[in-house]
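Undergrad: Pasting the sequence and the predicted coordinates here, then a few questions.
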Amino acid sequence: QMQLIQSGGGLVQAGGSLKLACVDSGRSFRTKAMGWFRQTPGKEREFVATISWSARTTFYGDFVKGRFIISRDSTEYTTYLQMSNLTSSDTAVYYCAASDTHSNAVVERASYHYWGQGTQVTVSS
């Protein structure tokens, strides 16, 4: 079963850190690109970060500016997003995603076919 299960998130003060996790429970995406997106009410889902199947290549949204790190542990079938120096503008629902067609890191939302359930991140100022 192709399913992504997210954990982490919550409420944090500005300047704080959070780590999100995304488990590939069906062990379906070990050789596929993984990504993180986020969405706020009334806006399109926004690209945050992506990582290749080998973890050798990563890309980030322009707004990240070195504050986030995407990683993956293939032995645990888990992808992480470590977020630091958070600001109120980072408040959003965060989604992990898996591509069914790409092994290299890919930024386009349309290249992702499976999504986690989403997790709320709220940054208080």
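TA: Done, it's in. Because the structure is predicted, anything quoted here is derived from the model rather than measured.
Undergrad: From here on, just use CA atoms for contacts and neighbour counts.
TA: OK.
Undergrad: Checking my notes, Ala110 in a helix, right?
TA: Yes. With DSSP: H, G, I helix; E, B strand; the rest coil as the criterion, Ala110 is assigned to a helix.
Undergrad: what about it, distance to Ala98?
TA: Per CA to CA, to the nearest Å, Ala110 is found 11 Å from Ala98.
Undergrad: Please identify which of the two sits among more neighbours.
TA: Legend: neighbour count by other CA atoms under 10 Å for Ala110 and Ala98, higher for Ala98 (27 against 8).
Undergrad: For that one, give me its contacts.
TA: 29, 32-35, 112-115 (CA atoms under 8 Å, 6 or more residues apart in numbering).
Undergrad: Highest neighbour count among these?
TA: The most neighbours of any of the contacts of Ala98, using other CA under 10 Å, belong to Met34, which has 35 neighbours.
Undergrad: and that one, what are its bridge partners?
TA: Beta-bridge pairing for Met34 (DSSP bridges): Ile51, Ala98.
Undergrad: Go ahead and confirm it touches Cys96.
TA: Yes. Between Met34 and Cys96 a contact is recorded at 7.3 Å, counting by CA atoms under 8 Å.
Undergrad: Phi, psi for His113 please.
TA: Backbone geometry at His113, expressed as degrees, to the nearest 10, gives phi -120, psi -20.
Undergrad: ok, and the closest non-adjacent residue to it?
TA: Ser99 (5.4 Å; CA to CA, 6 or more residues apart in numbering).
Undergrad: Give the full set of residues in contact with that neighbour.
TA: Applying CA under 8 Å, 6+ apart to Ser99 gives the contacts 29, 32-34, 111-114.
Undergrad: Check the gap between it and Gln1 for me.
TA: Counting by CA to CA - Ser99 and Gln1 are separated by 15 Å.
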